[in-house]
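# Need coordinates for the following:
(one chain, ligands or ions: 1)
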Amino acid sequence: MTQSSTPPPTSKAPDAQPATRERTWTVLELLQWTTDYLKRNGVEGARLDAEVLLAHALSMSRLDLYVNYENTVSAVDRTTFRELVQKRAQQRIPVSLLLGEREFWSMKLTVTSDVLTPRPETELLVSTALDAMPDPDYAYRVLDLGTGSGAIALAIASERPNAIVTATDVSIFALKVARLNADKLQLCDRVRFLEGSLFAAVSDEVFDLVISNPPYVARAEQDALPRELSHEPELALFGGDDGYAVLKPLVSEVGAALNDGGLFLVELDPRQADTVASWCREAEMTSVKVLYDLSGHARVVSARHGSAGEGQKEKTDG
Ligand SMILES: C[S@@+](CC[C@H](N)C(=O)[O-])C[C@H]1O[C@@H](n2cnc3c(N)ncnc32)[C@H](O)[C@@H]1O
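Just a heads-up that it's a prediction; the model follows:
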């Protein structure tokens with residue numbers, strides 16, 4: 001970038017200038033133009049996306065953008081940026097997939113089209129789990145079922161150095177990404193990754209915590225989903241026609257995988273919370289609760305297995 005002596009921006013695209021009258025674009029002008037362009041193409045959070053993509057194209061942080069507002073952007077960097085913006089606007093590829101990474105629980109995770117991009121609301125699952133595992137020295141046995149990028153398992157392993165963490169997924173492609181993330185974060189000797197549907201890979205084992213963000217979107221709602229979701233794996237999104245294809249067996253089988261007093265935490269769609277909570281009660285789980293995310297949506301159901309459940313209540317309540 002160089003210091004700017006730019007003319008005011010025109011309504012033309014950053015790439016639409018005649019070669020003979022090369023105009024310059026400052027960081028701020030590019031951001032303003034791109035925000036407007038993304039908005040016109042129906043992209044939500046257009047300003048944030050423009051900032052993240054421009055910061056990436058310029059190999060700087062978003063904070064650096066703010067102190068470089070008046071600097072001009074080179075033609076080479078503009079080309080890189082323009083390609084990213086076009087993919088975002090036209091193909092609706094999510095920013096996380098354009099960049100190949102997403103931050104979750106302050107960890108930079110690699111994401112590909114083989115895994116669900118970890119969502120901020122899933123941090124509620126992690127914080128609830130950590131509250132329920134207050135002793136950093138205790139070797140809690142934890143199962144993350146449907147690990148995807150490894151987000152939940154790796155967050156727990158990083159926060160509880162003595163926890164014995166197992167992560168399973170039915171997708172070998174997702175597991176490859178999860179292992180890569182474990183490797184990058186130097187946590188590969190802390191998490192055991194296993195392939196299998198539901199509890200198949202751990203059928204003889206019991207855990208203190210079973211935590212899961214399963215696929216829970218109803219296939220019947222597919223047509224109404226944002227286009228961005230078409231870039232994420234169907235296996236990670238859809239729980240059959242009604243959204244319960246994985247949730248239902250998960251609730252009915254989880255008891256056999258939990259110690260007496262063990263905790264089950266599951267993320268779901270807010271509309272599924274009451275149904276799943278009632279299934280947990282029918283399965284004679286105790287301390288059944290619905291937890292709400294920062295937007296006030298029912299997001300997690302929490303339940304204890306067995307008679308020791310009530311005794312453990314204090315820990316769950318934090
Ligand atoms: C919604 S994604 C969650 C990924 C990750 N845990 C997260 O929170 O970002 C659901 C994951 O469950 C996996 N999955 C789908 N059906 C499964 C099954 N029957 N047994 C185990 N994993 C399954 C998918 O491959 C996907 O990685």
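# And the strands in the stretch 151-300 of the chain?
Counting by DSSP state E, counting those that start in this stretch, the segments of the stretch 151-300 of the chain that form strands are 164-169, 191-195, 207-212, 258-267, 286-292, 298-304.
# repeat for the stretch 1-150 of the chain
Using DSSP E, counting those that start in this stretch, strands in the stretch 1-150 of the chain cover 2-3, 71-72, 101-104, 107-110, 141-145.
# Let me know which of those is the nearest to residue 84.
strand 101-104 (13.6 Å; CB to CB). Any C-beta I mention is one placed from the backbone N, CA and C, and that applies to glycine too.
# How far off centre is that closest one?
7 Å (CA atoms, centre = their mean, to the nearest Å).
# Stretch 33-45 now?
Using CA atoms, centre = their mean, the offset of stretch 33-45 from its chain centre is 23 Å.
# again with stretch 135-150
17 Å.
# thinking again about what came up before, can you check which of the strands of the stretch 1-150 of the chain gets nearest to the ligand?
strand 141-145 (5.7 Å; CB to the nearest ligand atom).
# quick one on the thing from earlier: out of the strands of the stretch 151-300 of the chain, which comes closest to the ligand?
strand 164-169 (4.8 Å).
# Kindly export that closest one (C-alpha atoms) in CSV.
Only the C-alpha atoms of strand 164-169 are listed here, as CSV (Å, rounded to 0.1, in the frame of the first residue of the first chain):
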residue,chain,number,x,y,z
ILE,A,164,-9.4,-37.8,28.5
VAL,A,165,-11.1,-36.7,25.4
THR,A,166,-12.6,-38.9,22.6
ALA,A,167,-14.1,-37.4,19.5
THR,A,168,-16.1,-39.4,17.0
ASP,A,169,-17.6,-38.7,13.6
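# Pull up the pairing partners for it, direction included.
Strands adjacent to strand 164-169 in the sheet, as given by DSSP bridges, are strand 141-145 (parallel), strand 191-195 (parallel).
# In a markdown table, list the ones you listed along with mean neighbour count, distance to residue 272 and mean pLDDT.
What follows is these, written out as a markdown table (neighbours: other CB atoms under 10 Å; distance: least, CB to CB, whole Å; pLDDT from 0 to 100):
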| stretch | mean neighbour count | distance to residue 272 | mean pLDDT |
| --- | --- | --- | --- |
| strand 141-145 | 26 | 17 | 98 |
| strand 191-195 | 18 | 26 | 98 |
